[in-house]
Every structure is written in structure tokens, then in C-alpha cells.
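**Q** Take a look and give me a structure for this.
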Amino acid sequence: MQIKYFNFLKLSFIAFISLGLHACSGDDEAVEYTADFTYEIDGENPNLVHFTNTSKGDYLYLQWDYGKDAGLGAKESDKTSVRSINYPLKGSYEVTLLVWGSTNNSSDTKTITQTIEIAQDDPDYSGGNLIWSDEFEGSAVNQGNWTFEEGTGDNGWGNQELQYYTKGDNVSVANGMLSITAKKVNDNKAQGSYTSTRMISWGKQEFTYGRIEVRAKLPSGKGVWPAIWMLGANLNSVGWPACGEIDIMEYVGYQPNVVHGTVHTTSGSGGNGNGGSKTLETAEEAFHIYGLLWKEDALTFYIDSPENVVHTYAPVVKNDSNWPFNKPHFFILNMAVGGTWGGAQGIDNSIFPQTMEIDYVRVYELDN
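**A** Presented below is the predicted three-dimensional model:
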């Protein structure tokens, strides 16, 4: 009787240990998943490709390499959004998707690579070598290119503007597009009554000379003041306006369909800046290229084509006072609300939210 009872206890103990070991072994195993994606070339734009993640199973993150010599992007937890990528030049592109398994360990990853064939050059491609671009791929702003400036700035960023710039809360990246959205917080029309975004490439992407093109669609309504512009990278040492300011595109909502290009220097700044304007009937309804030809002797602002000139700045005698444009400058993308110019005719609180959409920022070498 005692022997039987002992054997029963022994068998029970062995079964318990066996079950425990099996359970522990299962916890350490990576959960099965597969990495896969599909793609479709846009029916209207043969340079635009739409990528859809079709990976299955239990996994945490995605990382895309779109075959444009930029390498793997940041980890993305968004598994469902379609990624729309523009390829400006014809050719073959090796696109890779890397998927991180549930253990979030580099040994627990899977990849798939497919070859994308682009049959022709993008008709918007400007010629000359593309030095740098941000096509706003993926689902987040590339922190290697941009920094968010926060707060209300000194004297409303120097212009009595009313928005508070957030650290990315008012910006999104989706379907190959950057969206900067100004939102209303309250109806007080005071500093902090609105939020928006201001992105700068200072210390990350700076350039001297080139052909610069930014494709964008502008917001509408009284009180908005979007801008695509550049400042000298020596801003901290020489200050503004000695560093130089190049306003590739400025727009004030109370003056619909009029686009401005302006230069600010020590010899003329603020209301005395040197600039020009052009009527553009579809500025708020359609995307347009806002361009700059930046040469050693002149700055030429244009819309859609260099033949459609907005303004040319080319002082015959150049000095530190009127030509700080022989040094590196960085980009700024922002949308202000109110201010000395944007709010000159008040603010219509019924228009918000308002969004400026940017398809890309590109810098090319100058044609010989």
C-alpha cells in the first residue's frame, strides 16, 4: 500500500515537472509570423508606387527600405496604412520590408525584398543631380532631417503671432505627404489660442546654392500665414537679418491666390524686404511647385517652372549687407496664425482647422 502510494506521488511529481518545463519552453519560443507586402503603380502617375503591408501573425514593428539609397527607415507600429512613394527617375529599385517579431529582438526578424520597375522619369524632375530630398515617406517625420521648434517664441516668433508650436502634435506624414495643421484652442484670439507646427533642418540639412523645389498645397482663410523659407546657418553668431532670409513662398489667407517671394538682409528687412508677388488662382485647390534658383549672383523665385518668375534678387555690387547668400542656409516649414502680416485683417475662427500639405522638398545641383 505504501509502495503504491509512493509510486503515485512519484508519477504525479514527474507529470507536474514535465508540464512546467513544456510551459516554460513555449514562453521562450518566438510566435510565428510571415513578412510580406504588395505594391501597385499608380494609374495616373507612373512614378508613384503604393505599398501595402500584408505580413501575418504576431509581430511588433515594420521597417521599410524603399530602395532609394536611404537605407532602413525608423520602426513603425502602423501596420495598415498604405505607403505611397515617388520615384523621380526610371530604373529598378530593390524594396525591402523588415518585420520585428513579438520578442523585439534583432534575431527575431524577417525580411522580404521585391524589385520595383519604374518605366520613365518623373516629368516634374528638374534635371541636374538630386543632392537631397525629403519625400515624406513612411508614417512619421524623419528626425534625421527635421527638428520641431516649440512654444510661442519671443514676441510671437518676432511677428506677434498667436500660435503655440507643438512638438509634432500638429503634423502628420501619410501617403507620401506631410501635413501641417493649425488648430483652434479657444476663441480668445490671443497668444496660445491656436496650435501649429514649425519644422527646421538647422544642423541637419543645410545648403549653399542649387535649385530648390517644394511641392505644396496651401490653406485658406483669414488669419493663416504659411511659409516655406530658409535662414542662414550662422544665425546664432550674426543674428537676423544679417544671416539672410530667403522666403521661397509666403501666403496670407486674407489675400487669396497671391503668392509672395522675398529676401531679407541687413540692407532691407521686414516691411522693407526685397520681394515680389504673383497671382496663382489654384493656390488653395491644387499642388504647385514653389521653386528657387540660387546662384552665386542671383536668387530667382518661381512657380511650377523657372520660366514663371515671381521675383529676382541680384544686387550688382554685393557685400555683407546685401548678399549673405554665399553661406549655408537651412529650411523652415511652418504655418503661423495671426501676426503683423498674417493677422493684419483679423482672424476668422470659423475656418479652423487649416492644413498646408507638402509633397516633397528637393535640392538639385544647378544645371551647367
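
**Q** Return the distance of stretch 281-296 from the chain's centre.
**A** 17 Å (Cα atoms, centre = their mean, to the nearest Å).

**Q** what comes into contact with it?
**A** 124, 208-220, 228, 246, 248-249, 251, 256-259, 261, 280, 299-306, 325-326, 357, 359, 366 (Cβ atoms under 8 Å, 6 or more residues apart in numbering). From N, CA and C alone the C-beta is placed, and that goes for glycine too.

**Q** Give me the subset of these that lies in strands.
**A** 210-217, 228, 246, 248-249, 258-259, 261, 299-303, 305-306, 357, 359 (DSSP state E).

**Q** For ChimeraX, write the selection for the buried entries among the residues you listed.
**A** The following ChimeraX line selects those of those that are buried, judged by 16 or more other Cβ atoms under 10 Å:
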select :210,211,212,213,214,215,216,217,228,246,248,249,259,261,299,300,301,302,303,306,357,359
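
**Q** So for stretch 348-361, what gets flagged as buried?
**A** The neighbour-count check on stretch 348-361 (16+ other Cβ under 10 Å) flags 349, 351-352, 354-361 as buried.

**Q** how about those in TSV, adding distance to Pro241 and pLDDT?
**A** Shown next, in TSV, are the buried residues of stretch 348-361 (distance: Cβ to Cβ, whole Å; pLDDT from 0 to 100):
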residue	distance to Pro241	pLDDT
Asn349	32	98
Ile351	31	98
Phe352	31	98
Gln354	28	98
Thr355	30	98
Met356	24	98
Glu357	29	98
Ile358	25	98
Asp359	30	95
Tyr360	28	95
Val361	23	97
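
**Q** Now for those residues: which two are most distant?
**A** Taking Cβ to Cβ, the two most distant members of those are Asn349 and Tyr360; they sit 31.8 Å apart.

**Q** Just the pLDDT at Asp122, thanks.
**A** Looking at Asp122, its pLDDT is 81.

**Q** let me fix that: Thr282
**A** 95.

**Q** Likewise for Gln114?
**A** Gln114 carries a pLDDT value of 97.

**Q** Tell me how many other residues crowd it.
**A** 15 (other Cβ atoms under 10 Å).

**Q** Burial check on the closest residue to it other than its chain neighbours, number of neighbours?
**A** Sequence neighbours aside, Val95 is the residue nearest to Gln114 in space, at 5.6 Å (criterion: Cβ to Cβ, 6 or more residues apart in numbering). Neighbours of Val95 under the rule other Cβ under 10 Å: 20.

**Q** Pull the contacting residues for Val95.
**A** Neighbour list for Val95: 37, 39, 51, 64-67, 113-116 [criterion: Cβ under 8 Å, 6+ apart].

**Q** Relative to Val49, how far out is it?
**A** 8 Å (Cβ to Cβ, to the nearest Å).

**Q** pLDDT below threshold where in the stretch 151-300 of the chain?
**A** For the stretch 151-300 of the chain, no stretch is flagged by pLDDT under 70.

**Q** For it, just list every one of the helices.
**A** Assigned by DSSP state H, counting those that start in this stretch, the stretch 151-300 of the chain shows helices spanning 235-238.

**Q** confidence score at the residue nearest to Gln114?
**A** 95.

**Q** is it true that it lies in a strand?
**A** Yes. Val95 forms part of a strand when assessed by DSSP: H, G, I helix; E, B strand; the rest coil.

**Q** thinking again about what came up before, could you find which two of the contacts of Val95 are furthest from each other?
**A** So, the contacts of Val95 by Cβ to Cβ: farthest apart are Trp64 and Thr115, at 14.9 Å.

**Q** who has more neighbours, those two?
**A** Between Trp64 and Thr115, Trp64 has the larger neighbour count (other Cβ under 10 Å), namely 22 against 9.
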